[in-house]
Every structure is written in C-alpha cells, then in structure tokens.
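Colleague: could you look at this predicted model? Sequence included:
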Amino acid sequence: MTVNELLDQHSNSWNVNLVRQLFSDEDIELILNTKILPSRTDFRVWGCSKSGSYDSKSGYKLIETLNTVRTGNQVVLPPIEKQLWSNLWKAKTSPKLRHFLWRVLSGALAVKSQLQSRGIQLDPICPVCHQEPETICHMLFQCPSSREVWETSQFPLPPAGWSPNSVFLNLHYLISCSQKQSIGTSVRLSFPWVLWQIWKARNKFCFEQIIPVAGDIVFKAREETSIWLNLHGYLQKCSNVLPIAPSSERKWSSPPLSILKCNIGVSWSSASMYCGAGWIIRNSVGKVLLHSRRSFSGVRSPIQAGLLAITWATTSVKEHKLRNVQFEFSSSEAADALNNPLDFPLVYAECYKALGSVYSLPKSSIALVHGTCNKAASAIADSVISGQRFHSYVSSGGPRWLAMMLDEEATSS
C-alpha cells in the first residue's frame, strides 16, 4: 500500500475508517495526526535507519529486536563487546567486507566445526594442515598457512600470539591496531582484506585443490587494500619529504669529511621472485667500514625490490648507531615510487616504510645515482641471484673479490 490509498480522494484527508481497520491502536493516532501534503509523490522509506535506505546493519538490528520482543529475553552485551560490534560496522573497508567481518564474529562461516554443530556428519579436521579441528579461529589465525600469511603481511602480530579459541580477542586486537596512527595507513587498515583472502584461499583449496601460498594471498590483499584506500582518499601524501633527484655524476665519489656514504645495490629475478640486496659503507677517504648482503623471497617487481633494499639498508645503518650518512641507490623505479607514493598503491606501504626509515636517521640524506656510481653495492646484490647466495651476513671491511674495484674507486675519488 501507499499513503495515497489511505486518503479520502474527495477531501484529501485521511480515510479514518480504513486507517482504523488496518493499523494497531498505538499507530492510529500517530497516522491521523500526521499532516498530509497532497502535492508530494509517494516513495518507499526504510524506517529502521537514519538515511531511510535499507542496509544490512539495520536489517539485522530489526531481527534482533523482534526476537527479543518475542522471547522476552533481553541480552545486554558488555561495553567492550558493544564497542567491537560498532567498530566492525565502521571499519574502513567495503560494505561486502564489513558484512564478512560480521559473519566472522557471529560464527556464520561454513567451516567444518560450524557445519558439524548443525548436524552435518563430516571429519572436523582442518583440510589444509590436517592438525586440528577447523574452527573459524583456527582457519583465520592458527593454521600454519594462515600464520605464514600474517607474518608476511607486515601487520604487527600480538606479543602473546593469536588466541587459539577466541575470535573476539583476535578481532579486538586487529581493530585496536587499525586505530594506531604510528602504523602505516595501508598496513593497519589492511586486516579485512587479509582475512578475506585467507578465507578465499581456504575455499579454493577445498573446492579446486589449489594449495594456499602466503605470498600470493598477501599480494592480493595488499593490492585490493591499496586500490580501495587510494580510491576513497585514505592514503595521504608523505609530507616534509624532499624529492629524490638523479645525480649527474658518472663515478663514485667520496663523501665530505665527517660524513659516511652508504651505497645500496639491488637485483631481482622475475623467474624465482627472489631479490638480492647489498650495502657498503665508506668514509671520506674511501675506506670501507662495513658491508652486508641478504635476500628476500616473494618479491613481485623491481620497484618492490628497490624499496625493500632501501628500507633494509637504512634500518641496518641505524642499528649500527651510525649518523651523518649519505645513502645512494640506482633503482630509478624505486625513486619514482618514493617521489610519488600515491601513484604506486601496490607498494605504498613499502614507500611509507622506506621514507620513514631514511628520515629517522639524524642528518642523513638519500640520492639516486647512475649505475656506474653504485658498482660495488650492485655487485654484492647481483651475487645473491647469480651465485644463489641466500644467507645474510654483515662484515667489516669490503669483500675480497671486490678489493681491486674498491681501491680504484677510492684512488680516483
């Protein structure tokens, strides 16, 4: 029915007899006292939300209210649980994923333990790890494949580990981290997509026998996170960062007195998705003080490889309590990303982390240099891929096999 059908067409007033036949006593007076605007066209309004439009949150709230009225039992949630439900519905993610979070907390995912509790006869053991019963908590947080995803995601892990049996505690931790401004935006707001991709990977394994790969799951979660956050304006430009301009130099030069120079090299294999990184620190007379080498796995682009190398090198220098350091690197792809992080949403988190690491070192700077100025560090990084030297190390002085190159650069400088 529409409002128009409740009116007396001759007088444009309420059809009192019809209203009294159709509505309950408590609503009759409210209707009859409502002012009629004949010029207005009837339209549908959902009365259980402020906007007048239906949404799943208000729908579930109505069902909950009706059930309470029917049973006469009103359950009062503790304040902390009320707050968690509220925060889930306000999570900065798509409506689909907010509904997914509601299903997670409500126990409405069709994992084996939930199906068994509804009378379905099946083996409750997790189909992925075959170690424990597949509960929602196990599938999203405790299964070895899920733990590997969280470790790869860069999301800060709970100091005491994930709760083995409380979805509430784990979601409460995720929500708390998502509100900490000290964590990069694209990392702290990524948890709904990480959970969603873990769930999708589990279903692909069950129905298509596709084995979950942590790197793939994290990449897809990060991709969807960055695209959505960038689209909705949540990724902000990094402020107070000087643009990284290319240098015109064509050979390595020693730094000024009391300044150290750290060259950063990187190599990447598209076939193995391994990245090799190396750094080497020299003083104003070209003497090598320290050098290091390491590898990264699951690296999907040369941009990501360059950013990982920069973050690792600058963090290592900081751990050695060095100051007044000039950093130099020769990855033009990484430089483009650092200068325009919002144009590279898939590596925004790495940009944020790299820039934060560089500028956390007192009186330090970073510059893009030609490859001929960065030969020693690049050679160290190349040795990781070409020689499959995947073990990390830090050593004083320079590598013996680069002694001639390092002497020549020090002498010419």
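Modeller: Cool, the structure landed.
Colleague: run a quick neighbour tally on residue 395.
Modeller: 11 (other CB atoms under 10 Å). To be clear about C-beta, it is placed using only N, CA and C from the backbone, and glycine gets the same treatment.
Colleague: same question, residue 285
Modeller: Neighbour count of residue 285, defined by other CB under 10 Å: 10.
Colleague: how about it, phi and psi?
Modeller: The phi and psi values for residue 285, taken as degrees, to the nearest 10, are phi -110, psi 10.
Colleague: what's near enough to touch it?
Modeller: The neighbourhood of residue 285, defined by CB atoms under 8 Å, 6 or more residues apart in numbering, consists of 254, 410.
Colleague: that one and residue 407: what is the separation?
Modeller: According to CB to CB, to the nearest Å, residue 285 and residue 407 sit 12 Å apart.
Colleague: show me what counts as buried in the helix or strand of the chain with the lowest mean pLDDT.
Modeller: Here the helix or strand of the chain ranked lowest by mean pLDDT, DSSP states H and E is helix 56-71, holding a mean of 79. Neighbour counts using 16 or more other CB atoms under 10 Å place 57, 58 of helix 56-71 among the buried residues.
Colleague: next secondary structure after that helix?
Modeller: Heading C-terminal from helix 56-71, the first helix or strand you meet, by DSSP states H and E, is helix 79-89.
Colleague: how close does residue 324 get to residue 219?
Modeller: 37 Å.
Colleague: no no, residue 308
Modeller: Per CB to CB, residue 308 is found 14 Å from residue 219.
Colleague: is it fair to say residue 290 lies in a strand?
Modeller: Yes. Residue 290: assigned to a strand according to DSSP: H, G, I helix; E, B strand; the rest coil.
Colleague: excluding residues flanking it in the chain, which one is nearest it?
Modeller: In space, and not counting its chain neighbours, residue 290 is closest to residue 281: 4.8 Å by CB to CB, 6 or more residues apart in numbering.
Colleague: give me the phi and psi angles of the one you found.
Modeller: Per-residue torsions, residue 281: phi -110, psi 130 (degrees, to the nearest 10).
Colleague: can you pull the contacts of it?
Modeller: Residue 281 makes contacts with 260, 261, 262, 288, 289, 290, 291, 317, 322, 325, as judged by CB under 8 Å, 6+ apart.
Colleague: OK, contacts around the first one?
Modeller: Residues in contact with residue 260, defined by CB under 8 Å, 6+ apart, are 281, 282, 283, 289, 322, 324, 325, 326.
Colleague: what's the pLDDT at the last one?
Modeller: Spelled out, that is residue 326. For residue 326, the pLDDT comes out at 93.
Colleague: the more surrounded of residue 308 and residue 219?
Modeller: A direct count of neighbours by other CB under 10 Å for residue 308 and residue 219 places residue 308 higher, at 22 against 17.
Colleague: now whichever strand or helix holds that one, how far from the centre of its chain.
Modeller: If you go by DSSP H and E, residue 308 is part of helix 302-319. Here helix 302-319 is found 19 Å from its chain centre; the criterion is CA atoms, centre = their mean, to the nearest Å.
Colleague: ok, and what's touching that helix?
Modeller: Residues from elsewhere that reach helix 302-319, judged by CB under 8 Å, 6+ apart: 262, 264-268, 275, 277-279, 281, 292, 294, 296, 299, 325, 327, 329, 331, 333-338, 344, 346-347, 350-351, 353-354, 357-358, 360-361, 364, 366, 381, 394.
Colleague: among the residues you listed, which are located in strands?
Modeller: The members of the contacts of helix 302-319 that map onto strands under DSSP state E are 262, 264-268, 275, 277-279, 281, 292, 294, 296, 325, 327, 329, 366, 394.
Colleague: which sections of this protein are below the confidence cut-off?
Modeller: Filtered on pLDDT under 70, the chain yields the residue ranges 72-77, 236-245.
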